[in-house]
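S.K.: any chance you can model this:
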Amino acid sequence: MRGGARTPILIGLALVMVMGIAVYFRLWLIDYRISSDEAELLRRQFDLANREAIEESADWRLRYDDEVERASKCTEELTECLVQQALVQNDEFFVSGEVQLLSPIELLNFMPKSRLVLALF
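M.R.: Model (predicted):
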């Protein structure tokens with residue numbers, strides 16, 4: 001009799017386990033559908049953010065290139081001024097026998113006026 005009393009309990013337990021597994025799979029499928037929709041939304045957001053980052057990077061690269069160009073022009077002009085200063089000093093040395101350094105204001109007089117504004121900024 002003991003074995004007969006356990007059979008309905010085991011059948012009930014097996015039935016509850018099967019129902020639990022069915023509910024679990026049902027919830028898993030619902031969550032999977034939501035997850036796949038979220039994955040698509042996340043992919044779109046990532047693509048948009050990636051495009052914006054690329055545009056911003058290109059903008060900063062353009063600014064960097066402009067600054068490098070301005071700096072190289074200023075360096076060239078400064079080199080020209082220093083060469084002119086050296087030539088002036090050489091001429092003065094041969095004339096007077098003394099070497100004088102030009103003041104910054106005198107050095108700026110050698111720079112072209114159109115470039116002077118760019119060099120100051």
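S.K.: low-confidence ranges in the chain?
M.R.: Along the chain, the model assigns pLDDT under 70 to residues 1-3, 31-36, 90-121.
S.K.: now do the helices in it.
M.R.: Taking DSSP state H, the helices of the chain run over residues 2-96, 104-110, 113-120.
S.K.: adding mean neighbour count, write those helices out as CSV.
M.R.: No exception for glycine: its C-beta is placed from N, CA and C like everyone else's. What follows is those, written out as CSV (neighbours: other C-beta atoms under 10 Å):
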stretch, mean neighbour count
helix 2-96, 11
helix 104-110, 12
helix 113-120, 11
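S.K.: ok, Arg63 to Glu69 distance?
M.R.: Distance, Arg63 to Glu69, using C-beta to C-beta, to the nearest Å: 11 Å.
S.K.: what do you get for Ala49?
M.R.: From Ala49 to Glu69 the distance is 30 Å (C-beta to C-beta).
S.K.: can you check Thr7 too?
M.R.: In terms of C-beta to C-beta, Thr7 sits 90 Å off from Glu69.
S.K.: cool, and Arg44?
M.R.: Distance, Arg44 to Glu69, using C-beta to C-beta: 38 Å.
S.K.: what do you get for Arg51?
M.R.: Taking C-beta to C-beta, one finds Arg51 at 27 Å from Glu69.
S.K.: and if you look at Ile9?
M.R.: The gap separating Ile9 from Glu69 is 86 Å, by C-beta to C-beta.
S.K.: same question for Gln85.
M.R.: Taking C-beta to C-beta, one finds Gln85 at 25 Å from Glu69.
S.K.: can you check Pro8 too?
M.R.: Distance from Pro8 to Glu69, by C-beta to C-beta: 89 Å.
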